[in-house]
Structure formats: structure tokens, C-alpha cells
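Colleague: Please find the sequence and the predicted model below.
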Amino acid sequence: MTLGLIEVLLVVLVFLIMGPRRIADLFRSMGRGVHDFVDTLGRDKGAKKELPEGEPDDRDTGG
């Protein structure tokens, strides 16, 4: 998939309107959000492993 002239101009226009500081803040907040999301997923996997062997988890086995 290639970028056409209109897409490139649109990206440049958005960067010019927003300015470098706001763009840096935007990407920083997106990075924090992704980091928190991945961290939460990791905690959920750890919580599933800590279940006792005799107790079923909340998932439906679909049997």
C-alpha cells in the first residue's frame, strides 16, 4: 500500500497545524496508553495462573 500525494499533504498539514510540541505530547500519551494496556494484559495473565487447580475459571469451555 503506497501513500499518494493527498495523504502525504494531509499528514504535513496536520503536523504544521498542531506544531511539534503537541505532536510530541500526543505520541507520548499514546505510548503511555499502550504501555498501560500491555501491562494490564500481563497482570491478567498472571492472575489466571494463580487460580487453584480445583477451581474453574470464568471462561466457558463451549463443550
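Modeller: Nice, thanks for sending it over.
Colleague: least trustworthy helix or strand in this protein by mean pLDDT?
Modeller: Within the chain, no helix or strand scores below helix 20-49, which has a mean of 86 by mean pLDDT, DSSP states H and E.
Colleague: what helices or strands is it leaning on?
Modeller: With contacts taken as 3 or more C-beta pairs under 8 Å, 6 or more residues apart in numbering; DSSP states H and E, helix 20-49 sits against no other helix or strand. The C-beta positions use only the backbone N, C-alpha and C, and glycine is treated the same way.
Colleague: Recalculate using a threshold of 10 Å.
Modeller: Here helix 20-49 touches helix 5-18, going by 3 or more C-beta pairs under 10 Å, 6 or more residues apart in numbering; DSSP states H and E.
Colleague: Run the angle between the helix it packs on and helix 20-49 for me.
Modeller: Relative orientation of helix 5-18 and helix 20-49, computed by axes from the mean of the first three to the mean of the last three C-alpha atoms, to 10 degrees: 100 degrees.
Colleague: buried ones in helix 5-18?
Modeller: Within helix 5-18, no residue counts as buried by 16 or more other C-beta atoms under 10 Å.
Colleague: Begin at 9, not 1, for the rest of this chat.
Modeller: Yes, from this point I'll number from 9; that puts the last item at helix 13-26.
Colleague: For it, the averaged confidence score.
Modeller: For helix 13-26, mean pLDDT rounds to 90.
Colleague: tell me what that helix is packed against?
Modeller: helix 28-57.
Colleague: swap the cut-off to 6 Å and go again
Modeller: Counting contacts by 3 or more C-beta pairs under 6 Å, 6 or more residues apart in numbering; DSSP states H and E, helix 13-26 is packed against no other helix or strand.
Colleague: With just CA atoms, put that helix into CSV.
Modeller: What follows is helix 13-26 as a C-alpha-only set of coordinates in CSV (Å, rounded to 0.1, in the frame of the first residue of the first chain):
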residue,chain,number,x,y,z
LEU,A,13,0.2,12.8,-2.8
ILE,A,14,-3.0,13.8,-1.0
GLU,A,15,-2.2,11.6,2.0
VAL,A,16,1.3,13.0,2.4
LEU,A,17,0.0,16.6,2.1
LEU,A,18,-2.7,15.8,4.7
VAL,A,19,-0.1,14.5,7.2
VAL,A,20,2.2,17.5,6.6
LEU,A,21,-0.7,19.9,7.0
VAL,A,22,-1.7,18.3,10.3
PHE,A,23,1.8,18.5,11.6
LEU,A,24,2.0,22.2,10.6
ILE,A,25,-1.3,23.0,12.3
MET,A,26,-0.6,21.1,15.5
